[in-house]
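Colleague: Prediction below, plus the sequence it came from.
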Amino acid sequence: MNEIEEEIIEEFSLFDDQMDRYEYIIDIGKKLPPLEAKFQANDFLVQGCQSKVWLHAFAKDGRIFYEADSNTAITKGIIALLIRVLSGRDPKEVVNYELTFIDGINLRSHLSSQRSNGLSSMIHRMKAYASAFSK
Amino acid sequence: MAVSSSSKNNLPDWAYIRTDFPILHQKINGKKLVYFDNAATSQKPLSVINAVSDYYERYNSNIHRGAHYLAQLATEAYERSRQTVAQHLNANSEAEINFVRGTTEAINLVASTYGRQNIKSGDEIIVTEMEHHSNIVPWQLLCAEKGATLKVIPVNDKGELLVEEYLKLLNNKTRIVSVAYVSNALGTIHPVKEIIEAAHQAGAVVFIDAAQAMPHMKVDVQELDCDFLGFSGHKVYATTGIGVLYGKRELLEKMPPYMGGGEMIKSVSFKGTTYNEIPYKFEAGTPNIEGGIALGVALNYIQLIGLDQIAAYEHELLLYGTETLSSIEGLRIIGTAENKSSVISFLINNIHPYDLGVLLNEQGVAIRTGHHCCQPLMDRFGIEGTCRASFAFYNTREEIDQLAESLNRAVHLLS
């Protein structure tokens, strides 16, 4: 998993300007495959203060896969990055995984400390799914 | 202080006044800070900042009871501030000025004392569809406790109150009408004088939430003839954690205390306790002394600039901001009342306000995004929230240009 995180950090290191980093996050979000309408329901909602994320997970061949959508472009990019790192892994691995790329892409102060985008709730929910699929 | 040395043609020198606010002169994310979140909280002039440090450096002491010199100085400063507030609001007496933590506490105080004492099952309380949650929830709690009903004055598409609907809601069961003077989310200035007059004719008392009015205009409680009025210090250039509840003397005197403790008592025994005179009856415990003092300093400061001058300049900013933002493609302003304070709430196409807020912050521009604690109002407009730029007298046209430029760049990224 470290490789993917390193990859992300390297991609972001190409930008000097924060606005360019955000543009990149937004573009990553735009490429996230659409989430089926039935998963855009309250049962799948991770509520930030302002933004909403709908998160669904399923297991296939002993691995966990995530699908998500958000009503804000930046949050959608963040969840897309989380999915890129955590999707397709052994759920046991995900449960205890310490994410490092958020520190590495120079956006931590903007992303993690704000409850408004619900980053920690997203990670928490992803690990909760992984935990359920580990049993 | 810059204020005193204003003037060409007797107009304040706004650029010079801006130098009174040290916080404004910094860069955020490498860009000049543009602070347009004044409706959430205002920045503080040096005179206010200095008043707080002066208090702690020279005369910090508990008030009212100490016989020593410092206690005397602190008590005098605190009580002088109460007089300043009374004069500023044109209250009959400083006994009608109760220091509280802020508008929220002022509303809760009235709901818990006057409300509990006077509201009974079947009674009605009226608020508006555009109230801040803090002017809804205390009344909902009271209604639930007493079996009373909360009635709501609707608003039109421009964000103005439908006064004719209000008049229909009034009847002999109406006990309390509680409305904002100025809407925090949209900036609409409500016709409170008319609202108060009609409520009085129906036999109801009126609470005015003046949190968003105090920084921008003259507020005269005798002219309005409101029964209660609350505001927060931090929105009117003073510090956080201090605010005022104004109440008419005859009402305050009949009300039971809000909290029990020191200061609010005359004498305490296990046979029975007697309460202090107003306003002390409502001021249990050691108060926010430096906040009270700072509030007086802040009100003196804006009086020195001139409230009419402030209103006129901020209106100019509102007009310029409305014109400038309206030229952005896809931007629509939510709240286009005829009578508005310097607040512009807006949305651009289908872009979520949060995205715009983050990208503006990256460019040094601070605005507020979200529902502004007005979820019923957002529901009325069928939206989740807005972007809100709110201007103060230290803001400039150049900053509005910077907002527009930053918005254009953000929209470009998000489209």
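Modeller: Alright, I've got the coordinates.

Colleague: separation between B:Leu252 and B:Leu109?
Modeller: 10 Å (CB to CB, to the nearest Å). No exception for glycine: its C-beta is placed from N, CA and C like everyone else's.

Colleague: Kindly report the same for A:Ile102.
Modeller: The value you get for A:Ile102 to B:Leu109, if CB to CB is used, is 44 Å.

Colleague: neighbour count winner among those two?
Modeller: B:Leu109 (24 against 20; other CB atoms under 10 Å in any protein chain shown).

Colleague: B:Arg101 is in contact with that one, correct?
Modeller: No - judged on CB atoms under 8 Å, B:Leu109 makes no contact with B:Arg101 at a distance of 9.7 Å.

Colleague: returning to what we had before: what's the overlap in contacts for B:Leu252 and B:Leu109?
Modeller: Counting by CB atoms under 8 Å, 6 or more residues apart in numbering or on different chains, the shared contacts of B:Leu252 and B:Leu109 are B:98, B:282.

Colleague: Which residues are in contact with the spatially closest residue to A:Gly62 that is not a sequence neighbour?
Modeller: Nearest residue to A:Gly62 in three dimensions, chain neighbours excluded: A:Asp90, at 6.7 Å (CB to CB, 6 or more residues apart in numbering or on different chains). Neighbour list for A:Asp90: A:62-64 [criterion: CB under 8 Å, 6+ apart].

Colleague: rerun at 10 Å
Modeller: A:62-64, A:130, A:133-134 (CB atoms under 10 Å, 6 or more residues apart in numbering or on different chains).

Colleague: Could you do A:Glu6 as well?
Modeller: A:100-101, A:104.

Colleague: quick one: which of those residues sit in helices?
Modeller: A:101, A:104 (DSSP state H).

Colleague: Now A:Asn2. Nearest residue, chain neighbours left out?
Modeller: A:Thr100 (7.8 Å).

Colleague: B:Ser42 now?
Modeller: B:Tyr237 (5.0 Å).

Colleague: isn't that neighbour right up against B:Gln303?
Modeller: No - applying CB atoms under 10 Å, one finds B:Tyr237 not in contact with B:Gln303, separated by 11.2 Å.

Colleague: got the residues of chain B near chain A?
Modeller: B:29-30, B:350-359, B:361-363, B:369-371, B:384-385, B:406, B:409-410, B:412-415 (CB under 10 Å from any CB of the partner chain).

Colleague: Buried only: go through those for me.
Modeller: The neighbour count (16 or more other CB atoms under 10 Å in any protein chain shown) marks B:351-359, B:361-363, B:369-371, B:384-385, B:406, B:409-410, B:413-414 as buried among these.

Colleague: how near is B:Thr274 to B:Val268?
Modeller: 8 Å.

Colleague: Looking at the two, which one has more neighbours?
Modeller: Neighbours per residue (other CB under 10 Å) separate B:Thr274 from B:Val268, with B:Val268 holding more: 12 against 9.

Colleague: quick one on the thing from earlier: columns distance to A:Thr75, neighbour count and pLDDT on top of the contacts of A:Glu6, output as a markdown table?
Modeller: What follows is those, written out as a markdown table (distance: CB to CB, whole Å; neighbours: other CB atoms under 10 Å in any protein chain shown; pLDDT from 0 to 100):
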| residue | distance to A:Thr75 | neighbour count | pLDDT |
| --- | --- | --- | --- |
| A:Thr100 | 20 | 15 | 84 |
| A:Phe101 | 16 | 22 | 84 |
| A:Gly104 | 19 | 16 | 79 |
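
Colleague: Tell me, how many residues neighbour the closest residue to chain A within the stretch 51-200 of chain B?
Modeller: Residue nearest to chain A within the stretch 51-200 of chain B: B:His133 (14.2 Å; CB to the nearest CB). Number of residues near B:His133 (other CB under 10 Å) recorded here: 15.

Colleague: before we move on, what about B:Asp209?
Modeller: Other residues close to B:Asp209 by other CB under 10 Å number 30.

Colleague: ok, it - contacts?
Modeller: B:103-104, B:106-107, B:127-128, B:131-132, B:134-135, B:178-184, B:190, B:192, B:228-232.

Colleague: What is the least confident helix or strand in chain B?
Modeller: Using mean pLDDT, DSSP states H and E, strand B:265-267 stands out as the lowest-scoring helix or strand of chain B, at a mean of 85.

Colleague: can you give me the strands for chain A?
Modeller: Secondary structure of chain A (DSSP state E): strands at A:45-47, A:52-60, A:63-70.

Colleague: Other residues contacting the shortest one?
Modeller: The set of residues that contact strand A:45-47 without belonging to it, under CB under 10 Å, 6+ apart, is A:39, A:52-55, A:68, A:70, A:75, A:79, A:118-119, A:121-126.

Colleague: mind running it again at 8 Å?
Modeller: Counting by CB under 8 Å, 6+ apart, A:52-55, A:118, A:121-122, A:125 sit against strand A:45-47.

Colleague: Kindly report the same for stretch B:304-323.
Modeller: Contacts of stretch B:304-323 (CB under 8 Å, 6+ apart): B:1, B:3-4, B:6, B:11-12, B:14, B:17, B:187, B:215-218, B:302, B:333, B:340-344, B:389, B:391-393, B:395-397, B:400, B:403.

Colleague: For chain A, spot the helix or strand the model is least confident about on average.
Modeller: Per mean pLDDT, DSSP H and E, helix A:108-111 ranks last in chain A, at a mean of 56.

Colleague: ok, how many other residues are close to B:Thr386?
Modeller: 28.

Colleague: what sits against it?
Modeller: B:185, B:334, B:345-347, B:353, B:369-370, B:372, B:378.

Colleague: Identify those among those that sit within helices.
Modeller: Per DSSP H, the contacts of B:Thr386 map to helices at B:353, B:378.

Colleague: Output the below-cut-off pLDDT ranges for chain A.
Modeller: Along chain A, segments meeting pLDDT under 70 span A:1, A:49, A:106-117.

Colleague: List the contacts of B:Gly243.
Modeller: By CB under 8 Å, 6+ apart, the neighbours of B:Gly243 are B:99-103, B:105-106, B:230-233.

Colleague: Could you measure from it over to chain A?
Modeller: Distance, B:Gly243 to chain A, using CB to the nearest CB, to the nearest Å: 25 Å.

Colleague: quick one, phi/psi of that residue?
Modeller: phi -160, psi -180 (degrees, to the nearest 10).

Colleague: Skipping adjacent residues, who's closest to it in space?
Modeller: B:Gly102 (3.7 Å).

Colleague: Now list the buried members of the contacts of B:Gly243.
Modeller: Counted by 16+ other CB under 10 Å, those give B:99-103, B:105-106, B:230-233 as buried.

Colleague: out of the residues you listed, what pair is the most spread apart?
Modeller: B:Phe99 and B:Thr103 (12.7 Å; CB to CB).

Colleague: Quick check: phi and psi on B:Lys340?
Modeller: phi -130, psi 150.

Colleague: is it true that it touches B:Ile189?
Modeller: Yes - if you go by CB under 8 Å, B:Lys340 and B:Ile189 touch, sitting 6.3 Å apart.

Colleague: Would you report the backbone torsion angles of the residue most central in space within chain B?
Modeller: In chain B, the residue lying closest to the centroid (CA atoms, centre = their mean) is B:Ala211, at 1.2 Å. Note on B:Ala211: its backbone torsions stand at phi -50, psi -40 [degrees, to the nearest 10].

Colleague: returning to what we had before: so which of the contacts of B:Gly243 would you say is closest to B:Ile49?
Modeller: B:Gly233 (13.5 Å).

Colleague: Report how far apart the opening and closing residues of stretch B:179-189 are.
Modeller: 11 Å (CA to CA, to the nearest Å).
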